[in-house]
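*Asks:* I would like the atomic coordinates for the input below:
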Amino acid sequence: MKIIETQKIPIRMWLEEIEDGAMEQIKHLAELPFAFSHIAIMPDSHQGYGMPIGGVLATKDVIIPNAVGVDIGCGMCAVKTSLTEIDTETLKKIMGQIREQIPVGFNHQKEAQDENIMPQRDWDFMGEEAPIINNQYTSALKQIGTLGGGNHFIEIQKGSDGHIWIMIHSGSRNLGKQVADHYNKIAVALNKKWHSAVPEEWELAFLPVDSDEGQAYIREMQYCVDFALANRKLMMDRIMQIFSDSISGWVTRNEFINIAHNYAKKEKHLGHEVWVHRKGATLADSDTVGIIPGSQGSKSYIVKAKGNILSFQSCSHGAGRKMGRKEAERTLNLEEEIKKLNDMGVIHAIRGVSELDEAPGAYKNIDEVMKNQEDLVEILVELTPLAVIKG
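*Replies:* Next comes the predicted model:
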């Protein structure tokens, strides 16, 4: 761990190098008047919007929408199946059926899904105090059970435990973005009204947690976290059904692991109750079994967290990008990236330059990321990719 003590509070970094833009954002976090104790930066960190991805910020009495981000509740889930082998032809057939049943990218369900799948709404607050959920609920009924775009994925993997695993990365779809944008705009307007000491260009406008606006954001944020989990569960249920329909004998799930990486939560750290913002970072307390994915051309990991208090009991949420999407399209070689995946025997969907933003070469070395956080997690299972669908 690297410690920087040039700002108002220390910065603890679980990586050696980071791009200048992300470092500037980190220093802004360490100058916030309500930031608590120190800033924790995970080994997969890179520049984000307002706050770097892979950042952990604890605050006293305020909450920052941009320190959670637009894909509220985005996270990973993984299931260990009863399968120990799967042949290539069967796997290709299954992947084709998954594509037919699970909308990806900007696509939504053709029909509204069963409301019983949705997180329950507390009708005591679902009026004007939760305007976005109330307004977007009908639309969200067609978004649940969909993957989304960007770095979201469905991956079939072979575990070092001998079992076939299924992993999903997805979030709260448009619902989370609408909530994030709405409350960030409110925070910006209020901060201007209050002549906040936090510069507007830092993009870290805040809401007091005891204000009506702060409480409304917390309620709607939590609904998005619950919706994102319900979204992943529905996709996993449908994928498990496809496996069972495609393979002789019922395919069962041994466990369901879920971990979110874009949210804020009230927790106790170092003797104080604080709001921990994890943006592209996951909970890693001593009770947590978590998921750390690599790129589609590298291993992923099921981990047992160590509960390190210096990271606010957090760890990385993945390998982390080493280059932006446009930079990847400009600089990576399409043939070389396809060859990497083909040589590994991964069934993938990289066909053209526009997919290079999700090629293995666009991501950090997952082995280095895992080595840098040996004091945060221990590896339980290594997962090697067999087939992947990218959003």
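
*Asks:* tell me the helices in the stretch 251-391 of the chain, going along the chain?
*Replies:* Secondary structure of the stretch 251-391 of the chain (DSSP state H, counting those that start in this stretch): helices at 325-331, 334-344, 366-372.

*Asks:* out of these, which comes closest to Arg278?
*Replies:* helix 366-372 (16.3 Å; C-beta to C-beta). All C-beta spots, glycine's among them, are computed from the backbone N, C-alpha and C.

*Asks:* rewinding a little: pick the most deeply packed of the helices of the stretch 251-391 of the chain.
*Replies:* Across the helices of the stretch 251-391 of the chain, averaging neighbours per residue (mean count of other C-beta atoms under 10 Å) puts helix 366-372 on top, at a mean of 18.

*Asks:* ok, residues contacting that helix?
*Replies:* Contacts with helix 366-372, where a contact means C-beta atoms under 8 Å, 6 or more residues apart in numbering, come from 14-16, 43-44, 292, 294-295, 298-301, 316, 318-320, 377, 379.

*Asks:* Taking helix 334-344 as reference, get the angle to the strand of greatest length in the chain.
*Replies:* Longest strand in the chain by number of residues, with DSSP state E as the criterion: strand 377-390. Orientation check (axes from the mean of the first three to the mean of the last three C-alpha atoms, to 10 degrees): strand 377-390 against helix 334-344 gives 120 degrees.

*Asks:* Now do the helices in the stretch 51-200 of the chain.
*Replies:* 88-101, 131-140, 173-193.

*Asks:* and the shortest one, what does it pack onto?
*Replies:* Using 3 or more C-beta pairs under 8 Å, 6 or more residues apart in numbering; DSSP states H and E as the contact criterion, the neighbours of helix 131-140 among helices and strands are helix 173-193, helix 212-246.

*Asks:* between the last one and helix 88-101, how many degrees?
*Replies:* Inter-element angle recorded for helix 212-246 and helix 88-101: 140 degrees (by the same axes, to 10 degrees).

*Asks:* and Glu100, how many neighbours?
*Replies:* 9 (other C-beta atoms under 10 Å).

*Asks:* For it, give its distance to Trp194.
*Replies:* To Trp194, Glu100 is 52 Å away according to C-beta to C-beta, to the nearest Å.

*Asks:* List just the one of the helices and strands packed on helix 131-140 that sits closest to Ile350.
*Replies:* Short answer: helix 212-246, nearest of the helices and strands packed on helix 131-140 by C-beta to C-beta, at 21.3 Å.

*Asks:* For the closest one, the averaged confidence score.
*Replies:* For helix 212-246, mean pLDDT rounds to 96.

*Asks:* same question, stretch 305-320
*Replies:* 97.

*Asks:* do the same with stretch 189-208
*Replies:* 97.

*Asks:* Quote the end-to-end distance of it.
*Replies:* 13 Å (C-alpha to C-alpha, to the nearest Å).

*Asks:* List the buried residues in it.
*Replies:* Neighbour-count burial for stretch 189-208, counted by 16 or more other C-beta atoms under 10 Å, picks out Leu190, Asn191, Ser196, Val198, Trp202, Glu203, Leu204, Ala205, Phe206, Leu207, Pro208.

*Asks:* try stretch 221-228
*Replies:* Met221, Gln222, Tyr223, Cys224, Val225, Asp226, Phe227, Ala228.

*Asks:* Give me the distance between the fourth one and Gly171.
*Replies:* Look at Cys224 and Gly171: by C-beta to C-beta, they are 8 Å apart.

*Asks:* Between the two, which contacts overlap?
*Replies:* With C-beta under 8 Å, 6+ apart as the test, Cys224 and Gly171 both reach Ile72, Gly73.

*Asks:* what residue ranges in the stretch 51-200 of the chain score low on pLDDT?
*Replies:* Counting by pLDDT under 70, the stretch 51-200 of the chain has low-confidence residues at 123-128.

*Asks:* measure Glu31 to Ile9 for me?
*Replies:* Distance, Glu31 to Ile9, by C-beta to C-beta: 8 Å.
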